[in-house]
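**Q** A structural model of the following input is requested.
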Amino acid sequence: MKKHNPHDQFFIQTFTDENNMRVFLKNTLPPELIELIDLNIIEYETDTHIDPALHKNVTDLVVKTLANSGMPVDIYFLFEHKSVYDDNILFQILRYMVTIWEKDLKEGKSPRIIIPFIFYHGKKKWEMKKLSEMLTA
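**A** Modelled structure (predicted):
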């Protein structure tokens, strides 16, 4: 997995540790979703799924696990780091997600579950707008 900058290196090193990923998911995802996932099984896929033109701006990490039903599930965790406030981050994330889903469909696969995470470490207070607010403004 290519490492782009110190922030990417930090996230890759942190989240490719199975125990760190397990703790992060348990403390971040809604309890209803946690109940459906077998967090005792954490596997990483090393292939990148994002278009090379987009990949320079995003760290992608694919975690494979099983649903409690025993059915395989691919959950794609999309990590985006921002050090500068960005009013249009939702459009950027949506563009990444559509690119990933289009690739899945082109390969004859069902679109995978994508759960994006935005990590912001800038100085200005982050005020996340809902997509519906951005479309009606």
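**Q** which element is the residue nearest the centre of the chain on?
**A** Ranked by distance to the mean C-alpha position of the chain (C-alpha atoms, centre = their mean), the top residue is Leu78 at 1.6 Å. Taking DSSP states H and E as the definition, Leu78 sits inside strand 72-82.
**Q** Partner strands of that strand and their direction?
**A** With DSSP bridges as the test, strand 72-82 is paired with strand 59-67 (antiparallel), strand 113-120 (parallel).
**Q** next one: it to chain centre, how far?
**A** Using C-alpha atoms, centre = their mean, to the nearest Å, the mean C-alpha position of strand 72-82 is found 2 Å from that of the whole chain.
**Q** Stretch 9-28 now?
**A** The chain centroid and the centroid of stretch 9-28 are separated by 12 Å under C-alpha atoms, centre = their mean.
**Q** same check, this time on stretch 107-123
**A** Mean-position distance between stretch 107-123 and its chain equals 3 Å (C-alpha atoms, centre = their mean).
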